[in-house]
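[1] Build me a model:
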Amino acid sequence: MSYRFLKGHGTENDFVVLPDPDGTVHGGADGEMSAERVRALCDRRAGIGGDGVLRAVRRGDGWFMDYRNADGSVSEMCGNGIRVFARYLHEHEGEPFPMRIQTRDGVKVLDRAGDELTADMGRPQVLGETSVSVMGRSWPAVHVSMGNPHAVAFVDNLAEAGPLLEPPEHDDAVYPEGVNVEFVVRRGEHHVAMRVHERGSGETRSCGTGACAVAVATALADGAPRGTVYRVDLPGGTLRVEWTEDDRVLMTGPAVLVAEGTTDL
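    Numbering: from 1, shown residues only. Sure thing, here's the model as predicted:
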């Protein structure tokens, strides 16, 4: 069976977009896409390649973003992915901005910000302190939830963590379903840089929810007033994140569609 796909990225965090309005193309009427199909699509040598899959399904009078990590596992939310998803809905389904998108972490609102898009990522949860380890070395970390779990660790040099080929070790009691781990250095006032290991995908060029978690953890460490905008540099580009007075996290960055076609993977 051949089916349509698109390819897009946000700060080089890349995704395969699968249009499936009535939920019958991928997994039948129940819409449960198989992990095998996700892995085949995301394979960078034998497939299309991506950090995850964004399946676009109609729900009521709106759209649901069914997000899967590259290994086929389900994730609650994806910050770069939802901007790519919104770009797809606007350019190919005619959806206007501002746009409300249903996710496993509730409804997110997307709007234009010049050539970029801003996503209201909702209220963060700061859940205390923990630690992460790589190759026998440990760092304290801040546990922040952006709908999905993050451990934010401040380091002196981004090379300290070494190659993030395997998931950093973490407390399974704190993160029973795994965790996204961010390593962060300061670059200047309200300016940080980060690397990330995403559960289910490995080290990626960018992570939108991770950038939000990093901005929240940094703002707390700085004692910064709400409304401060943080610049977050990632290997694939730059995101701007604001933690607002009304306890919302607004993330602004690019979203680009680069290809479309059909496949039978």
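
[2] Would it be right to say that residue 218 lies in a helix?
    Yes - per DSSP: H, G, I helix; E, B strand; the rest coil, residue 218 lies within a helix segment.

[3] Go ahead and list the helix or strand containing the residue lying closest to it once chain neighbours are set aside.
    Leaving aside its chain neighbours, residue 218 sits nearest to residue 192 (5.6 Å; criterion: Cβ to Cβ, 6 or more residues apart in numbering). The C-beta positions use only the backbone N, C-alpha and C, and glycine is treated the same way. Counting by DSSP states H and E, the element that carries residue 192 is strand 191-198.

[4] What segments of the stretch 151-265 of the chain are helices?
    Using DSSP state H, counting those that start in this stretch, the helices of the stretch 151-265 of the chain run over residues 208-222.

[5] ah, wrong one, I meant the stretch 1-150 of the chain
    Going by DSSP H, counting those that start in this stretch, the stretch 1-150 of the chain shows helices at 35-42, 79-93.

[6] out of these, nearest to residue 238?
    Closest of these to residue 238 is helix 79-93, at 12.2 Å (criterion: Cβ to Cβ).

[7] What are the buried residues along the closest one?
    Applying a neighbour-count criterion of 16 or more other Cβ atoms under 10 Å, one finds 79-90 buried in helix 79-93.

[8] go on, stretch 210-221?
    Going by 16+ other Cβ under 10 Å, stretch 210-221 has these buried residues: 210-219.

[9] got the contact list for that stretch?
    79, 121, 124, 126, 142, 144-146, 150, 152, 154, 180, 182, 184, 186, 192, 194, 196, 198, 224, 228, 230, 232, 234, 239, 241-243, 249, 251 (Cβ atoms under 8 Å, 6 or more residues apart in numbering).

[10] With stretch 67-78 instead?
    For stretch 67-78, the surrounding residues in contact (Cβ under 8 Å, 6+ apart) are 15, 33-39, 42, 50-55, 65, 81, 103-105, 108, 121, 146-148, 198-202, 208-209.

[11] Which residues does the nearest residue to residue 238 once chain neighbours are set aside form beta bridges with?
    Excluding its sequence neighbours, the residue lying closest to residue 238 (Cβ to Cβ, 6+ apart) is residue 231, at 6.2 Å. With DSSP bridges as the criterion, residue 231 is bridged to residue 191, residue 240.
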